[in-house]
Every structure is written in structure tokens, then in C-alpha cells.
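Engineer: Turn this into a structure:
(one chain, ligands or ions: 1)
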Amino acid sequence: MTATSAPNSAATGAVSTSQVGIAILGYGTVGSQVLRLMHENADAFFHRIGAEVAVRGVAVSNVEKHKGSLADELGLLTDDARALIARSDVDLVVEVIGGIDYPRELVLDALRGGKSVVTANKALVAAHSEELAKAAEESGVDLYFEAAVAAAIPVVGPLRRSLAGDQVQSVAGIVNGTTNFILDAMDSTGASYDDMLAEATRLGYAEADPTADVEGHDAASKAAILASLAFHTRVTADDVFCEGITKITADDIEAAKSAGYTIKLLAICERLKDAEGNEFVSARVHPTLVPREHPLASVSKSFNAVFVEAEAAGRLMFYGNGAGGNPTASAVLGDIVGAARNKVTGGRAPGESTYANLPIASFGDVPTRYHIDLEIEDRVGVLAELAKTFAEHGVSLRTLRQEEKNGGARLIVVTHTATERELAQTVEVIAKADYVKHVNSVIRLVSE
Ligand code: HSE
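Structural biologist: Alright, predicted model coming up:
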């Protein structure tokens, strides 16, 4: 049974009479929208691909759970993913299950069986891109993963194709909708992290287990994929420094606001040079203070935005819906059209390009800036001592703001750029100083 139907090819002028058979693995928020849109837009798919696209089946873990759904009405549901993939009339496998181990096995089965794969699975691609790309290459099939990063926003394709002749220097931005929703809501209402996480859950942005979002793991997987594509160097999720938003308080947001900043969870991928001019790559995810006039500061709600800076292209910005069933389905469908066209015309997607093999920076070597909020005793010589500690670690101060608090002083220090190691060591020493009552927060800033 097919979920799509071809228009009369004589009437459309299309010449192909072949079919591209598709297996969909997973029927959650994304999979159900993929099937619905393919079903509703079958004619457009036929014209764009030059062949009929026929969904052969939708694999789920529990068929009963999906009774009454479109996939059920079309007679497509099966709980045997492996048998579906192995069908001789399946040419293309769409993986929208999530997780790593089980989808990895299925995707490898498909690729090794000579079927192209479209996946939305950032964790899988970030952890196993080498193995998956090799399997695709050996079988002469395609691996597409536009939906793995920032859902509907085309950013994988531009890096894989449009910018393939340029030298990308950096890719940075907001690539997690849930955390952007929480931070934006904290900023606009003054509410606590816990309250806004509950709100994100109530509105369906955050998963029942929001750990991957709020701890930054989801953004780290996306950063690994973006860095690999941008710098032609394999970067895995394990190579990405990752700090989430769970420790950000309403006070941090308020302090940032009064200093002219907002706090965003940024993924930052950079091509850097050491003192000898040797190139290396850094990829990191952490809460970051962004000046309120910076374009990223105005990215609100669950929207994503990605900045790319390339030698010849200059600065590019990609903005839009980075999460949700329909936006993710849009990217999956684009990849389905690409892979199906290749099947019809004999073309191929670009393979993995990791020839540059640049070293990945140790996080301590990465240049950054700190915003330090601390409470100190208000007595003679304290500021001089503090300034001396910064100087001893080679860290230059940019601004220093002091106000009275609880009989002592609250000090907000903003540094110039230094290495992460120099800054972290400075804070370690200061936190132990006898004149320091409490370090309220240490948050990194966007680069100068
Ligand atoms: N949970 C992600 C987000 C979407 O909130 O952006 C899928 O990666």
C-alpha cells in the first residue's frame, strides 16, 4: 500500500514510471508529520522527484498505540523494522526514532543493504558519523541529515554544498529551542528557571525528560555536526565542551539585564590559531552573555539562529524554527526529495569531508571572556588585591562595577579576552580569598 499517488504522467510531461520505495522508522512527532505531508503533497513530490514516492511501511515499537492514525488507515504500521528495511522494494529509509544504539543498528542495516538514509537524529550522527559515512560510501548510497541541526533551518545543506568552496572561520548560534524558550521567558518575566522549565514542559517544548536540552547535550551534538562540516574535520559530541543552563538564576538574568546583556545558550565552533600559527578547532556549548543590541539577543521563544562566517562569503545568518514536528518534517522531506532524485537520476549526495584533520582544542586553550558576579568585604585594599590576582594570571579587566550589599560590596567584573585556563584559575584563587564572601556566578561573554 502506498501513502502517495502519482498524477497522470502523460498529463504532467514526466517520463519516469519508476517508484521510489520508502520505509519510515518511527512515528512520533516528526514521523507522523512526514507521512502526513508526503500523503497530502503526493503530486508535488512526483513532479519534484520525477517518480512516484511510495511509503512501504512505518515501523513502530507498539502498533496498538497508533491505531486510528494515518499510518494505520493506510495499512502501513509494522513492528518489524528490520524486515521493512530489508524489503526489496524499499530504496530509502527515513529514521526518526531518536536515541543512539537501536537506530544506529537500523541505519547501518539500511546503508549496508544499499538503501539511502535520511535521519533527523543529531545524537546518532554526532556520535557515529565516521561509521555511517563509511557504510554509505561502501554501498554507494546517500546519508542525509539536514533535520539533525536546527530543524527547518537549512544549515547542513549550505555547509555541505553552498560553502564547500569557501573557508569557514566560525559557526555560532542558538541551536536549541527549549533552552532558548526558557532563557527568553526568564528574561522577559523575571521568573525562575524551574518555573520556566515547567512552562516549557506544559507547552510541549521540553521533553518529559528535558536533560538533553537543559544540560546542553542536544546543542553539543549539533555543534559537533556543524564543526565537522564547517572545518572538514571530524568532531564528535565528546569533543565539545558542554555546560547547560540549569544553574542560571533569576538573579543572573537580572544582573545581565542591568549590565545591558541577555543570557543565551550558544554553540560556538571556531577555527583558531595558536601562537605559532598552527590551526586548530574548538567547539563548545555554554550559557553566554550577549549584548542586547547583538542580533542573537533578539532571537526569542523557541527560535534558533546560526551565524556562519566564511573567508569569501563574509557573515551569513540563518534564522527560523529549530524544533517541533512540522519544522523538523520540512527538513526531512527536503532530504527525501534529494535522496529520491538521486535514486531516479543516479546522482549522489556529497560524502563526508574530513580531510583537514585539524586538532581539536583543549578547552583550557580556548580564548574567552568572563562576567564574574561576587560579594566581597568592603575594606581597604580589597580591590587592589583582587586586581593583583587578575594581573598575576595575565587577565586584563574591562569593567568593574561595585554596589553596596548586605554590609559588604557586590562586585561585577567583566574581563577582556584570556584563555579559559587563565580565567578559570583566576576565579579559583579569588573564590578562596579571605575577602570574598560569595561568588554568585561566573558566565562567559561573547567574544570582543
Ligand atoms: N529538543 C530540541 C530543541 C529539538 O529544543 O531545540 C530537537 O533537537
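
Engineer: longest helix in the chain, by residue count?
Structural biologist: When the chain is parsed with DSSP state H, its longest helix is helix 325-345.

Engineer: Could you point out the helix or strand that follows it?
Structural biologist: As assigned by DSSP states H and E, the chain's next helix or strand after helix 325-345 is strand 367-376.

Engineer: CA atoms only for that following strand - export them in CSV, please.
Structural biologist: Extracted in CSV, the C-alpha atoms of strand 367-376 (Å, rounded to 0.1, in the frame of the first residue of the first chain):
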residue,chain,number,x,y,z
PRO,A,367,40.1,32.3,24.2
THR,A,368,37.0,33.6,26.1
ARG,A,369,35.8,36.3,28.4
TYR,A,370,34.2,36.1,31.9
HIS,A,371,31.5,38.1,33.7
ILE,A,372,32.0,37.5,37.4
ASP,A,373,29.4,38.4,40.0
LEU,A,374,30.7,38.2,43.6
GLU,A,375,30.2,39.5,47.1
ILE,A,376,33.2,40.8,49.0
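
Engineer: Tell me how far residue 238 lies from residue 221.
Structural biologist: Plainly put, residue 238 is 10 Å away from residue 221 if you go by C-beta to C-beta, to the nearest Å. Where C-beta positions appear, they are placed from N, C-alpha and C, glycine not excepted.

Engineer: Neighbour count: the two, which is higher?
Structural biologist: Neighbours per residue, other C-beta atoms under 10 Å: of residue 238 and residue 221, the larger number sits with residue 221, 29 against 11.

Engineer: Is that one in contact with residue 129, as I believe?
Structural biologist: No. In this structure, residue 221 is not within contact of residue 129 by C-beta atoms under 8 Å, at 10.5 Å.

Engineer: quick revisit: now the common contact residues for residue 238 and residue 221.
Structural biologist: Residues within reach of residue 238 and of residue 221 at once, by C-beta atoms under 8 Å, 6 or more residues apart in numbering, are residue 127.

Engineer: Could you grab the helix/strand/coil label for the closest residue to residue 208 other than its chain neighbours?
Structural biologist: Counting by C-beta to C-beta, 6 or more residues apart in numbering, residue 208 lies nearest to residue 201, which is 7.5 Å off, once chain neighbours are set aside. At residue 201, secondary structure determined by DSSP: H, G, I helix; E, B strand; the rest coil is helix.

Engineer: Next, count neighbours for residue 201.
Structural biologist: 15.

Engineer: okay, it: pLDDT?
Structural biologist: Note for residue 201: predicted pLDDT of 89.

Engineer: Equivalent analysis for the one 5 residues further on, please.
Structural biologist: Looking at residue 206, its pLDDT reads 75.

Engineer: From here on, call the first residue 395.
Structural biologist: Noted, 395 is the first residue going forward, which turns the last one into residue 600.

Engineer: shouldn't it be in contact with residue 590?
Structural biologist: No. Look at residue 600 against residue 590 with C-beta under 8 Å: they stay out of range, at 9.7 Å.

Engineer: quick one: common contacting residues for the two?
Structural biologist: Counting by C-beta under 8 Å, 6+ apart, the common neighbours of residue 600 and residue 590 are residue 576.

Engineer: where along the stretch 445-594 of the chain do the helices fall?
Structural biologist: Remark: helices assigned in the stretch 445-594 of the chain by DSSP state H, counting those that start in this stretch are 464-467, 475-480, 495-506, 516-533, 550-551, 571-583, 587-596.

Engineer: What residues sit buried inside the helix or strand that the last one is followed by?
Structural biologist: What it means is helix 587-596. Beyond helix 587-596 on the C-terminal side, the first helix or strand identified by DSSP H and E is helix 605-608. By neighbour count on 16 or more other C-beta atoms under 10 Å, the buried set for helix 605-608 is 606-608.

Engineer: Other residues contacting helix 605-608?
Structural biologist: Under C-beta under 8 Å, 6+ apart, the answer for helix 605-608 is 517, 570, 572-573, 576, 591, 600-601, 611-612, 638-640.

Engineer: Give me the buried subset of those.
Structural biologist: Among those, those classed as buried by 16+ other C-beta under 10 Å are 517, 570, 572-573, 576, 591, 600, 611-612, 638-640.

Engineer: which bits of the stretch 395-544 of the chain sit near the ligand?
Structural biologist: For the stretch 395-544 of the chain, the contact set with the ligand under C-beta under 6 Å from any ligand atom comprises residue 516.

Engineer: Where does the stretch 395-544 of the chain get nearest to the ligand, which residue?
Structural biologist: With C-beta to the nearest ligand atom, the shortest gap between the stretch 395-544 of the chain and the ligand falls at residue 516, namely 5.9 Å.

Engineer: wait, that residue sits on residue 615?
Structural biologist: Yes. Residue 516 lies in contact with residue 615 (C-beta under 8 Å); the separation is 4.1 Å.

Engineer: if I look at the two, which residues touch both of them?
Structural biologist: Counting by C-beta under 8 Å, 6+ apart, the residues touching both residue 516 and residue 615 are residue 542.

Engineer: Find the nearest non-adjacent residue to the residue of the stretch 645-794 of the chain found nearest the ligand, please.
Structural biologist: Per C-beta to the nearest ligand atom, the residue of the stretch 645-794 of the chain with the smallest distance to the ligand is residue 717, at 3.6 Å. Nearest residue to residue 717, sequence neighbours excluded (C-beta to C-beta, 6+ apart): residue 571, at 3.4 Å.

Engineer: what number of residues lie near the one you found?
Structural biologist: Count around residue 571 with other C-beta under 10 Å applied: 24.

Engineer: Many thanks, I have nothing further to ask.
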